[in-house]
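> Let's see this in three dimensions:
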Amino acid sequence: MSKLFEPVKINGMTLKNRVVMAPMCMYSADKQGRVNDWHKVHYATRAVGGVGLIIVEATAVEAHGRISDHDLGIWDDEHVAGLSEVVKLVKPHGTQIGIQLAHAGRKSEAEGTPVAPSPIAFSDRYRVPKELSRDEIHGVVRSFAKAAERAKQAGFDCIEIHAAHGYLINQFLSPLANQRTDEYGGGHENRFRLLKEVVLAVKEVWDGPLFVRVSAEEYADGGNHIEAYVFFSALLKELGVDLIHVSSGAVVPYPITDYPGYQVPLAEKIRYGADIPTAAVGKITTPEQAEEILQNRRADLISLARVLLRDPYWALHAQIALENNKESVPVQYQRGF
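Residues are numbered from 1 along each chain as shown. Model (predicted):
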């Protein structure tokens, strides 16, 4: 058996293989943030296609924390029913399903005033955000906890906290966006405080697998680099986080030179430096590339994004390529493989 199709257990959740569908915003919800038929077809199709774990796109814990007015929401009890339908469509295919809880902070283009650790706009085309007060920060923490409760009600198998790509938690972590002088700004421990409080609040109501997604390289002078994220990841392990989903960039509008597997070394450094499982992501497109990463223990899971938009059946094709094994192909589709 290839490593890619070897089952793995993470805090009680067993994945049939190590192929993960990374969270990718669809910008297809209605203005109330509700699931519609697009989401149901989109996620169920990848489950039929053999993915081991699907992580549902960034889902906003507060209405004004959406990236756009068409992001999914989990800030209200009315969102649970639609999200539960997605879960029920995915599970019969042997795929586990998680949800990424998110707050866009200063990168929100939704209605309402964006918020951030400091009143610094992301770029000239974004609005200047309102600096969060301590009480408002505590409100954000409560919103993540309530969202985790709703995720549990909807039947999700795991939760991922979005602390990457320049969104609110990433803004607090980064000295490029966080210029506070209180206990939430300054040194690494203070800038980590919001993420710590969110993790602890979520764990009060959620006892399943918990992932955190990070941007482990900010690429810009004065920003966080991999050493900082090894440090943050070690702290997250101490708090009981099960896996770090390792991405990079987007806290400031800085150009990134990408190439196949360009973020894998970051996942590898966190895996060994913080002694915590990682998911590698970023231009991983072929079964052979994914297998090499796992065989050389550079990461524990392979997270795929755009390639799964192009080919919902990537996992089935990969198992045939690596093992000449068609057993995972649904019987309805076997004559096509």
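> List the residues that contact Cys25.
Under the criterion of C-beta atoms under 8 Å, 6 or more residues apart in numbering, the contact partners of Cys25 comprise Glu57, Ala58, Ile67, Ser68, Asp71. No exception for glycine: its C-beta is placed from N, CA and C like everyone else's.
> Let me know the closest of those to Val331.
Distances from the contacts of Cys25 to Val331 were compared by C-beta to C-beta; the smallest belongs to Glu57, at 29.8 Å.
> any idea how far the closest one lies from Val20?
Distance check for Glu57 against Val20: by C-beta to C-beta, to the nearest Å, it reads 13 Å.
> Just give the number of residues close to the spatially closest residue to Asp275 that is not a sequence neighbour.
In this structure, Asp275 finds its nearest non-sequential neighbour in Lys237, 6.8 Å apart by C-beta to C-beta, 6 or more residues apart in numbering. A count of neighbours around Lys237, defined by other C-beta atoms under 10 Å, yields 17.
> Please identify the helix or strand for Lys237.
Using DSSP states H and E, the element containing Lys237 is helix 226-239.
> Identify the bridge partners of Val214.
Counting by DSSP bridges, Val214 forms beta bridges with Ala163, Val246.
> which residues in the chain form strands?
With DSSP state E as the criterion, the chain has strands at 8-10, 13-15, 19-21, 53-60, 96-102, 115-116, 130-131, 158-163, 210-215, 243-247, 278-281, 301-304.
> on that earlier part again, just the closest of the contacts of Cys25 to Val307, please.
The shortest separation between Val307 and any of these is 16.2 Å, and it belongs to Glu57 (by C-beta to C-beta).
> give me the number of residues near that closest one?
Neighbours of Glu57 under the rule other C-beta under 10 Å: 24.
> can I assume it is in contact with Leu72?
Yes. Contact between Glu57 and Leu72 holds when scored by C-beta atoms under 8 Å: they sit 6.1 Å apart.
> OK, contacts around the closest residue to Gln295 other than its chain neighbours?
The spatially closest residue to Gln295, leaving aside those adjacent along the chain, is Lys3, at 5.3 Å (C-beta to C-beta, 6+ apart). By C-beta under 8 Å, 6+ apart, Lys3 lies in contact with Arg18, Glu291, Leu294, Gln295.
> And those residues, which of them are buried?
Neighbour-count burial (16 or more other C-beta atoms under 10 Å) applied to the contacts of Lys3 gives Arg18, Glu291, Leu294.
> Quick one: the helices in the chain, in order.
37-48, 79-90, 134-154, 168-173, 188-205, 226-239, 264-273, 287-295, 306-310, 314-323 (DSSP state H).
> Please produce CSV containing the ones you listed, extended by mean pLDDT.
Shown next, in CSV, are those (pLDDT from 0 to 100):
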stretch, mean pLDDT
helix 37-48, 98
helix 79-90, 98
helix 134-154, 98
helix 168-173, 98
helix 188-205, 98
helix 226-239, 98
helix 264-273, 98
helix 287-295, 98
helix 306-310, 98
helix 314-323, 97
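> Indicate which one of the ones you listed is closest to Thr181.
Taking C-beta to C-beta as the measure, the helices of the chain were each checked against Thr181, and helix 188-205 came out nearest at 9.6 Å.
> what does that closest one contact?
Where contact means C-beta under 8 Å, 6+ apart, the residues beyond helix 188-205 that reach it are 101, 117, 137-138, 140-142, 144-145, 148-149, 152, 159, 161, 163, 168-169, 172-175, 178, 180, 183-185, 210, 212, 228, 231-232, 235-236, 239-241.
> so how far is that helix from its chain's centroid?
Remark: helix 188-205 is offset 16 Å from the chain centroid, using C-alpha atoms, centre = their mean, to the nearest Å.
> So for that helix, what gets flagged as buried?
Residues 190-199, 201-203, 205 are the ones in helix 188-205 that count as buried (16+ other C-beta under 10 Å).
> Just put those residues in TSV and tack on distance to Ser248.
Supplementary listing: the buried residues of helix 188-205 in TSV, determined by distance: C-beta to C-beta, whole Å:
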residue	distance to Ser248
Asn190	23
Arg191	18
Phe192	18
Arg193	22
Leu194	20
Leu195	17
Lys196	22
Glu197	24
Val198	21
Val199	21
Ala201	26
Val202	24
Lys203	26
Val205	30
